[in-house]
Each structure stands twice: as structure tokens, then as C-alpha cells.
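Novice: Okay, sequence plus prediction incoming.
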Amino acid sequence: METLEKMEKGLTNHNYRLHTAQKDYIVRVPRKECEHIINRYQEQQVEQMVSALSVPLFYFDAKSGIKISEYIDGLC
């Protein structure tokens with residue numbers, strides 16, 4: 001069974017922890033009022049450049065800013 005838990009952290013995003021049978025993920029949904037602060041296209045480029053070093057990224061939409069990455073216990 002999959003569950004979605006809202007996390008209280010995040011200044012420019014709404015963050016959710018998605019629990020699945022296999023593993024947990026962080027789903028980030030940008031706050032509408034903060035879209036002018038962050039360049040998501042630039043963020044996507046940086047994510048690609050550091051992909052071997054960072055948390056596994058499963059989905060990134062630069063237009064909407066929605067991002068899904070692996071949840072690592074103790075980081076959030």
C-alpha cells in the first residue's frame with residue numbers, strides 16, 4: 001500500500017514523503033508564490049551535472065518544478 005505524508009520542511013516547496021512497498025521517495029511541488037525566485041531549468045542542469053554524487057533522482061520537470069527523488073532517512 002502506498003501512502004503520501006506531507007512534510008513540514010521546505011521554504012519554497014511543498015514536500016511529501018511517498019511510502020511504497022519497495023522504497024520511499026520525496027515528492028517536491030514548488031509553491032506558486034516562489035516560482036520567480038528559482039530558475040528550475042538551471043536547477044535541472046545542475047542536477048544532471050552532479051547526478052553521480054547526489055541522491056538518486058527519478059523525475060524532474062523543469063517547467064513545473066516537480067521533482068521526485070529517493071528518500072534518505074535522516075536527511076529530512
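Specialist: That came through, no problem.

Novice: Which secondary structure elements does the helix-or-strand element of the chain with minimal mean pLDDT sit against?
Specialist: When the helices and strands of the chain are compared on mean pLDDT, DSSP states H and E, helix 40-49 comes out lowest with a mean of 89. Where contact means 3 or more C-beta pairs under 8 Å, 6 or more residues apart in numbering; DSSP states H and E, helix 40-49 is packed against strand 57-60. The C-beta positions use only the backbone N, C-alpha and C, and glycine is treated the same way.

Novice: For the closest residue to G65 other than its chain neighbours, list each beta-bridge partner.
Specialist: Leaving aside its chain neighbours, G65 sits nearest to P30 (3.6 Å; criterion: C-beta to C-beta, 6 or more residues apart in numbering). Listed beta-bridge partners, P30: N13 (assigned using DSSP bridges).

Novice: wait, P30 sits on K63?
Specialist: No. In this structure, P30 is not within contact of K63 by C-beta atoms under 8 Å, at 10.6 Å.
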